[in-house]
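Visitor: pasting the structure only:
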């Protein structure tokens, strides 16, 4: 059954030419021009990759530091004890705890945070939260830079606050990454998109064969998709201020 769209969506979609791929700069502006929500919508990049997620050597899980952040206030929880916990508190972590935090998550299903960091010595205990944290994408992991040494906690929290985000492919080989808000300027969206493309290229799995990036679409919350020229997107670089 075909999905029915409202007048606002149809008016926004009419601004996007069918069967056309846009240059990154054009797409960054168009994603702003086609938003129609009453709230500050999220801008997302969706990439279809030529990978087979069934194979371990074709998985993508990494991070990117967006130069202009995500536009979202990131709530950080830290599993740490002793000096590491004090470092986390001084660095401005929203939630800091050890056994007490683990118990709270287990018994109260407490998940009022966006990202979790842990020191290596805590991972043995945090591991038993895998079922709870894993399904929400909150499990600390060295690949995502969220298992850190005590002396690096402040740096890790700072990077997350500034706009470091983790991304991974889904089971169909797609990437869905939030790269800002429609209140951002077109240049800010373009720069964040450029940073993402650099990270995606750098994360190409060793087992990936053939065409790596098959399609790229920019969209805003509830807005129409905007196809982006793949070649131009792969040659994009962040503009230094």
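Guide: Right, received. Where do you want to start? Just so you know, these numbers come straight off a predicted model, no measurement behind them. Numbers count the residues shown, from 1 in each chain.
Visitor: helix, strand or coil for residue 158?
Guide: Residue 158 falls in the helix class when you classify it by DSSP: H, G, I helix; E, B strand; the rest coil.
Visitor: Spatially, which residue comes closest to it, not counting chain neighbours?
Guide: Leaving aside its chain neighbours, residue 158 sits nearest to residue 91 (6.9 Å; criterion: Cβ to Cβ, 6 or more residues apart in numbering). Every residue, glycine included, has its C-beta placed from N, CA and C.
Visitor: I'd say the one you found and residue 154 touch.
Guide: Yes: using Cβ atoms under 8 Å, residue 91 is in contact with residue 154, at 3.9 Å.
Visitor: what's the neighbour count on residue 31?
Guide: Other residues within reach of residue 31, judged by other Cβ atoms under 10 Å, total 31.
Visitor: again with residue 195
Guide: 21.
Visitor: rewinding a little: so who does the residue nearest to residue 158 touch?
Guide: Applying Cβ atoms under 8 Å, 6 or more residues apart in numbering to residue 91 gives the contacts 153-154, 157-158.
Visitor: Name the SS class of residue 100, please.
Guide: Assigned with three-state DSSP, residue 100 falls in the helix class.
Visitor: what's around it, how many residues?
Guide: 10.
Visitor: same deal with residue 163?
Guide: Residues near residue 163, counting by other Cβ under 10 Å: 20.
Visitor: Surely it and residue 72 touch.
Guide: No: using Cβ under 8 Å, residue 163 makes no contact with residue 72, being 9.2 Å away.
Visitor: Doesn't residue 93 belong to a strand?
Guide: No: counting by three-state DSSP, residue 93 is not part of a strand but coil.
Visitor: Just give the nearest non-adjacent residue to it, would you?
Guide: Computed as Cβ to Cβ, 6+ apart, the closest residue to residue 93 that is not its neighbour in sequence is residue 78, at 4.5 Å.
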